[in-house]
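Novice: The sequence isn't on hand, but the structure is:
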């Protein structure tokens, strides 16, 4: 298996409070995001924090998707890391839209290719 | 809860084949790494691939640790993301040593602080 991968790091701001606080919704969004990008889901683990916030991961054959949500700040910290021919932006875009993010800051880090370098950050309205 | 976090992305090369191929060992190393850094472990999910390789995550109260191992390349792709006062390098150093990594390339990405920027990469022998 090739080591090469694409790791999208995205900061979502202005997200919907209730969505960021619903573990069931986030878990479904993340599984759907993985499937929409063509990934094969292997493990799903999410955790709801008190009084608010959700953390979780979907392990896919092609690496992983993670989230940490901070409903009180409208903020979700997400990672979409894919190997092979998958495009991590398909899942990241779907997640940003599903959580009603108003802005998204993104960098992409190539993985498994030797010296690690981050690409240029982009900021966009969702 | 504050959104600010530290996300260490590390590429480990020259690791031991058998260690990279042992889900039990990797799971133990990751749980120990989380505990050594002072984190509170919430969820643990690992997956063994055929013919080789392990992916997994430890969700901690303070974010997460992940790995994707490629034993045939001596390569492990790891992420240690912590919020609060924890130092992600404590876990990353412990993991690199435990997997017998010969070299480690690292960048640190501040999370939840506004515009996302990666720090300067560092390359070091382990």
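Specialist: Perfect, I can see it now. Since the model is a prediction, treat every value here as computed from it, not as a measurement.
Novice: Which secondary structure state is assigned to the residue of chain A at minimum distance from chain B?
Specialist: Per C-beta to the nearest C-beta, the residue of chain A with the smallest distance to chain B is residue A:118, at 3.2 Å. Every C-beta, even on glycine, is put in place using the N, C-alpha and C of the backbone. Here residue A:118 is coil, with the state taken from DSSP: H, G, I helix; E, B strand; the rest coil.
Novice: Test my guess that it contacts residue A:111.
Specialist: No - between residue A:118 and residue A:111 there is no contact under C-beta atoms under 8 Å: 10.9 Å.
Novice: got any residues that touch both of these two?
Specialist: Counting by C-beta atoms under 8 Å, 6 or more residues apart in numbering or on different chains, no residue touches both residue A:118 and residue A:111.
Novice: Please, which helix or strand holds the spatially closest residue to residue A:38 that is not a sequence neighbour?
Specialist: Leaving aside its sequence neighbours, residue A:38 sits nearest to residue A:86 (C-beta to C-beta, 6 or more residues apart in numbering or on different chains; 5.5 Å). Using DSSP states H and E, residue A:86 maps to neither a helix nor a strand.
Novice: Pretty sure residue A:86 sits against residue A:62.
Specialist: Yes - contact status for residue A:86 versus residue A:62: in contact at 5.3 Å, counting by C-beta under 8 Å.
Novice: hey, what's in contact with both of the two?
Specialist: In contact with both residue A:86 and residue A:62: residue A:39, using C-beta under 8 Å, 6+ apart.
Novice: Let's verify residue A:81: helix, strand, or coil?
Specialist: strand.
Novice: burial measure for it, as a count.
Specialist: By other C-beta atoms under 10 Å in any protein chain shown, 26 other residues sit near residue A:81.
Novice: Surely it and residue A:91 touch.
Specialist: No - judged on C-beta under 8 Å, residue A:81 makes no contact with residue A:91 at a distance of 9.9 Å.
Novice: Quickly list what's touching both of those two.
Specialist: Both residue A:81 and residue A:91 are in contact with residue A:65, where contact means C-beta under 8 Å, 6+ apart.
Novice: what are the phi and psi values for residue A:44?
Specialist: Reported as degrees, to the nearest 10, the phi and psi values for residue A:44 are phi -130, psi 120.
Novice: for it, what are its contacts?
Specialist: When contacts are counted by C-beta under 8 Å, 6+ apart, residue A:44 touches A:27, A:30-31, A:56-59, B:45.
Novice: can you redo the residues you listed as JSON lines with neighbour count and distance to residue A:122?
Specialist: Shown next, in JSON lines, are these (neighbours: other C-beta atoms under 10 Å in any protein chain shown; distance: C-beta to C-beta, whole Å):
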{"residue": "A:27", "neighbour count": "18", "distance to residue A:122": "27"}
{"residue": "A:30", "neighbour count": "27", "distance to residue A:122": "22"}
{"residue": "A:31", "neighbour count": "17", "distance to residue A:122": "26"}
{"residue": "A:56", "neighbour count": "24", "distance to residue A:122": "25"}
{"residue": "A:57", "neighbour count": "25", "distance to residue A:122": "24"}
{"residue": "A:58", "neighbour count": "28", "distance to residue A:122": "24"}
{"residue": "A:59", "neighbour count": "25", "distance to residue A:122": "27"}
{"residue": "B:45", "neighbour count": "21", "distance to residue A:122": "30"}
